[in-house]
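>>> Below are the sequence and a predicted model; questions follow.
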Amino acid sequence: MTAILVAGGAGYVGSHTVVKLLEKNQKVIIADDFSHSNLAVISAIQAITGQSVKSYRADLTQLEEVKKIFDENEISGVINLAGYKSVGESSQMPLHYYRNNLEIMLNLLTVMEEYDVYRLVFSSSATVYGNPKELPVKESAQRKPTNTYGRTKVMIEQILQDLAESDSRWRFISLRFFNPLGAHKSSNLGEDPNGLPNNLAPYITQVAIGKLPKLQIYGHDFPTPDGTSVRDYLHIDDLAAGHVAAMNNLLDSQDETSRFEAINLGSGKGYSVLEILQAFEEAIGKKIPFDYTEKRLGDTAESFASIEKAKRVLDWVPTYTIEEMCQDTWHWQLKHPNGYDNE
């Protein structure tokens with residue numbers, strides 16, 4: 001049985017995607033350097049699914065390490081979730097981000113071609129749109145990111161487009177997803193950031209559980225109804241299902257014209273930081289202290305998705321409410337107050 005290689009498969013999005021694949025009886029191989037994830041994730045995946053999963057501790061910026069994985073396995077497709085992802089850090093360390101994120105993709109594509117594997121789902125980002133002129137933002141919108149992280153995504157998408165145009169064997173889907181929230185219903189998989197969280201949800205729950213003193217809200221003078229930035233949030237389980245749907249689409253597709261597709265994944269709604277905070281306070285049952293601080297370099301005011309293409313091409317729709325996203329995030333934090341550190 002051929003396998004799907006999930007690069008970055010021990011991370012937040014990757015681990016939930018692996019669970020979804022295993023639940024569909026798909027053989028999976030995880031490749032991760034575990035620099036922003038934890039080995040305990042592998043045990044959690046196996047406990048949830050009742051299936052073993054093969055994993056490699058691999059630095060995918062090293063071509064020989066990628067080749068080793070393809071040498072030892074029969075792979076039919078790749079889902080690439082590997083890469084650095086902090087918007088703020090990317091603007092402070094641009095070379096670090098360009099080198100890591102582009103090298104990983106270039107190495108995967110080089111080895112895939114060598115082993116006649118021509119199906120890849122790329123975990124892109126809604127940051128490629130920058131400050132969209134029209135909302136909800138459609139896939140046809142101009143790609144004009146305001147930060148280095150987003151620019152690495154645009155560059156990789158261009159590489160995929162060029163490759164698809166050069167050789168009809170290639171098929172790519174680039175998933176431009178918005179902000180994931182939530183955790184697996186078992187509360188055994190969730191978001192476990194290293195150090196100070198870059199994302200809103202773990203920051204809120206770590207304040208609620210007493211690990212951090214108060215939430216820092218970046219900016220309160222955006223041109224939005226309450227002055228805080230507005231984003232599209234979707235449940236991590238829905239996001240994982242979208243990755244599986246995209247992979248299945250590529251493996252099943254006989255469409256010669258559709259070699260590269262960009263598809264949004266989101267809820268199709270916008271929520272401000274203060275609205276998300278209120279939803280968490282209701283889920284947790286107490287007020288969360290916060291301070292306003294300066295905007296981060298590269299932050300945009302408002303962005304939420306048009307998801308009509310995902311419905312049409314992937315037969316995918318989000319199924320969770322914002323309340324469920326916050327509740328599942330909180331249940332994960334309660335069960336794992338120190339993340340995976342003590343497991």
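Sure thing, it's come through.
>>> now the helix or strand of the chain with the lowest mean pLDDT, how far from the centre of its chain.
Confidence across the helices and strands of the chain bottoms out at helix 87-92, with a mean of 89, counting by mean pLDDT, DSSP states H and E. In terms of Cα atoms, centre = their mean, to the nearest Å, the centre of helix 87-92 is found 17 Å from the chain centre.
>>> Extract the CA atoms of it and return them as CSV.
Extracted in CSV, the C-alpha atoms of helix 87-92 (Å, rounded to 0.1, in the frame of the first residue of the first chain):
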residue,chain,number,x,y,z
VAL,A,87,4.5,36.6,11.0
GLY,A,88,6.4,38.8,13.5
GLU,A,89,9.5,36.6,13.6
SER,A,90,9.6,36.4,9.8
SER,A,91,9.9,40.2,9.5
GLN,A,92,12.8,40.2,12.0
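>>> Could I get the buried residue list for whatever helix or strand comes next after that helix?
Later in the chain than helix 87-92, the nearest helix or strand by DSSP states H and E is helix 94-114. Across helix 94-114, burial judged by 16 or more other Cβ atoms under 10 Å covers 97-98, 100-105, 107-109, 111-112. In this view, the C-beta of every residue, glycine as well, is placed from N, C-alpha and C.
>>> Flag the shaky bits of the stretch 201-343 of the chain, pLDDT-wise.
342-343 (pLDDT under 70).
>>> any chance you could map the helices in it?
Taking DSSP state H, counting those that start in this stretch as the test, the helices found in the stretch 201-343 of the chain are 236-252, 273-284, 308-309, 322-335.
>>> Who are the packing partners of the first one?
Okay, so that is helix 236-252. helix 12-23, strand 75-80, strand 119-123, strand 171-177, strand 179-181, strand 260-265 (3 or more Cβ pairs under 8 Å, 6 or more residues apart in numbering; DSSP states H and E).
>>> Centre of the chain to the last one, how far?
Relative to its parent chain, strand 260-265 has a centroid offset of 14 Å by Cα atoms, centre = their mean.
>>> partners of it in the sheet?
strand 171-177 (parallel) (DSSP bridges).
>>> now the fifth one
Note on strand 179-181: by DSSP bridges, its sheet partners are strand 233-235 (parallel).
>>> Contacts for the strand it pairs with, please.
By Cβ atoms under 8 Å, 6 or more residues apart in numbering, the list of residues contacting strand 233-235 from outside reads 177-182, 265-267, 271, 276, 318-320, 322, 324-325, 328.
>>> From the rest of the structure, what touches the least confident helix or strand of the chain?
84, 97, 127, 147-150, 152, 198, 296-299.
>>> Cool, thanks, signing off.
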